[in-house]
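# Here's my sequence, what's the structure:
(4 chains)
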Number of protein chains: 2
Amino acid sequence: MTSKARRADRREQALSQETIVNAAIRLLDEAGEGGLTFRALAERLSTGAGAIYWHVANKDALLVAATDRVISGAIADSARAAAASETIRAVAIGVFDAIDAHPWVGAQLARAQPPSPMLKIFERIGRAVERLGVSYAGQFSAVTTLVNYILGVGSQNAANAVHAKTHWSQPNRREFLSAMAGAWAALDADEYAFTRTMAAPLREHDDRAHFLAGIELIVAGIQHSA
Amino acid sequence: MTSKARRADRREQALSQETIVNAAIRLLDEAGEGGLTFRALAERLSTGAGAIYWHVANKDALLVAATDRVISGAIADSARAAAASETIRAVAIGVFDAIDAHPWVGAQLARAQPPSPMLKIFERIGRAVERLGVSYAGQFSAVTTLVNYILGVGSQNAANAVHAKTHWSQPNRREFLSAMAGAWAALDADEYAFTRTMAAPLREHDDRAHFLAGIELIVAGIQHSA
DNA sequence: ACCTGAACACCGTTCAAGT
DNA sequence: ACCTGAACACCGTTCAAGT
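Below you'll find the predicted structure:
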């Protein structure tokens, strides 16, 4: 038995970029952004902290790789859609649901740069916008509007989810929207007069449907001016 | 001479929430998110790290207070505007410029919750939307659309700015957009076929004007359906 | 080539002790 | 009441030493 086989015995899988990123995603899902630690990761992989550095440059690169994997999976089957507007819808909802399932992705997407997870979304949406028949001059604006919307709403949702889990330990969306509505209703009557009146709409709010409605609106606007 | 006076002698100002938050903002502006350290802050205030904890609960609270001060200042004179649509424009551009001047604010705004900097923006925009004559049923959607847009574009800009400063050390906006365009043009020809064609528009892109155009579009849409 | 785990230089936060 | 600064429990990262 080689020493490598002996090591492979102690952990379930061989150590590799892929194994490490998978374990990182699991850790992030379970314990949030603060839960990802080289020590915790090493323990879960039955190895030393330093071993991870042979496969991954540093923590930032690991975070990017984890985000990239989640997003790549989320937009993978958007290519199957026939119509260009279908593709846009599929990418949008894919990213929305991915952030909902992995809230830490929201904060990450607003961060990194080329070639990054965000750029993949940009490219995918861009090709669809092209197919939509938008003129070259209008493409940049159309794509950035869509991507900004998707990332903006996504990170806001993620922030809410993280906050709800941290401060009110509300696991599902309906419950944390309700808890947030309660917090809004309790705000100062003068300083937050308007926000208080929005507590009721917030409680009944279906953010996924609202998100999709926004996408429809923007797509319609793009097609109208195309 | 009292001991308090002697201490006040060693530092320029008395230690207080305000002094601490001011020093924190300066530190964040100069050295970025990673530059804010209790030790660095203590040294700058000529005191011990522990002293800060008498005035501030923890680092997170300090970050919220710093963000709150910047945002409060940015939207302060938006109340002077006569027309409701003017107020919306003033808030939007105020937040945009504040994030441009203090990139770390972008990441912070997407984070915290009630009563937080983001809620102040929500309240201010909300009152303007009310004045615009939007029906109660339409207010929630109108306000969240605007706030999402403002925060989404803002944090994206901030991320770009942080990235440009870290990786290309480009200080001003035109230069980092140009550097980013260069990076886009160098992307893989197959995988990023669309993104590469957007390098030229990106280079000539005026993000502030584009941001304002988006606000106009949304406001027009709200007024049209109001 | 790949892994180990101790060591280094840092953090945020606490707290007994001072004034 | 307010401040001091050492101490604690952590980090990310490196690296000599192993296989």
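
# A:Arg44 and A:Gln17, how far apart?
Per C-beta to C-beta, to the nearest Å, A:Arg44 is found 16 Å from A:Gln17. (Glycine included, C-beta is placed from N, CA and C.)

# Spatially, which residue comes closest to the residue of chain A at minimum distance from chain B, not counting chain neighbours?
Taking C-beta to the nearest C-beta, chain B has its nearest neighbour within chain A at A:Gly152, 2.2 Å off. Spatially, and ignoring its direct neighbours in sequence, A:Gly152 is nearest to B:Gly152 (2.2 Å; C-beta to C-beta, 6 or more residues apart in numbering or on different chains).

# Report how many residues lie close to the one you found.
24 (other C-beta atoms under 10 Å in any protein chain shown).

# swap in A:Ala186?
A:Ala186: 13 surrounding residues under other C-beta under 10 Å.

# is it true that A:Ala98 touches A:Gly73?
Yes - under the criterion of C-beta atoms under 8 Å, A:Ala98 makes contact with A:Gly73 at 7.4 Å.

# Return every residue with contacts to both of the two.
Shared contacts of A:Ala98 and A:Gly73 (C-beta atoms under 8 Å, 6 or more residues apart in numbering or on different chains): none.

# and after the lowest-mean-pLDDT helix or strand in chain A, which helix or strand comes next?
Least confident helix or strand, chain A: helix A:3-10 with a mean of 45, by mean pLDDT, DSSP states H and E. Elements were assigned by DSSP states H and E; along the chain past helix A:3-10, the next helix or strand is helix A:17-31.

# contacting residues around that following helix?
For helix A:17-31, contacts defined as C-beta under 8 Å, 6+ apart pick out A:13, A:35-37, A:40-41, A:44-45, A:52, A:55-56, A:62-63, A:65-66, A:69-70, A:101-102, A:104.

# So is it next to DNA strand D?
No - Helix A:17-31 does not reach DNA strand D (C-beta under 7 Å from any atom of the strand); its nearest approach is 9.5 Å.

# and the gap between A:Gln139 and A:Val129?
For A:Gln139, the distance to A:Val129 - C-beta to C-beta - is 6 Å.

# Domain parsing of chain A, as residue ranges.
Per automatic domain parsing, the structural domains of chain A span A:1-56, A:76-225.

# Switch those domains over to JSON lines; also include distance to DNA strand C.
Shown next, in JSON lines, are those (distance: least, C-beta to the nearest atom of the strand, whole Å):
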{"stretch": "domain A:1-56", "distance to DNA strand C": "2"}
{"stretch": "domain A:76-225", "distance to DNA strand C": "13"}
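
# among these, which is the most enclosed?
Stretch with highest mean neighbour count among the domains of chain A: domain A:76-225 (a mean of 18; mean count of other C-beta atoms under 10 Å in any protein chain shown).

# Now look at that one and say if it contacts DNA strand D.
No - counting by C-beta under 7 Å from any atom of the strand, DNA strand D is not contacted by domain A:76-225; separation bottoms out at 13.1 Å.

# Spatially central residue in chain A, please.
A:Ile99 (3.1 Å; C-alpha atoms, centre = their mean).

# quick one: that residue and A:Ala107 touch, right?
No - in this structure, A:Ile99 is not within contact of A:Ala107 by C-beta under 8 Å, at 9.5 Å.

# Common neighbours of these two, please.
Joint contacts of A:Ile99 and A:Ala107 (C-beta under 8 Å, 6+ apart) are A:Ser155, A:Ala158.

# Provide a list of residues in contact with A:Met118.
Counted by C-beta under 8 Å, 6+ apart, A:Met118 has contacts A:Leu109, A:Ala110, A:Ala112, A:Val147, A:Leu151.
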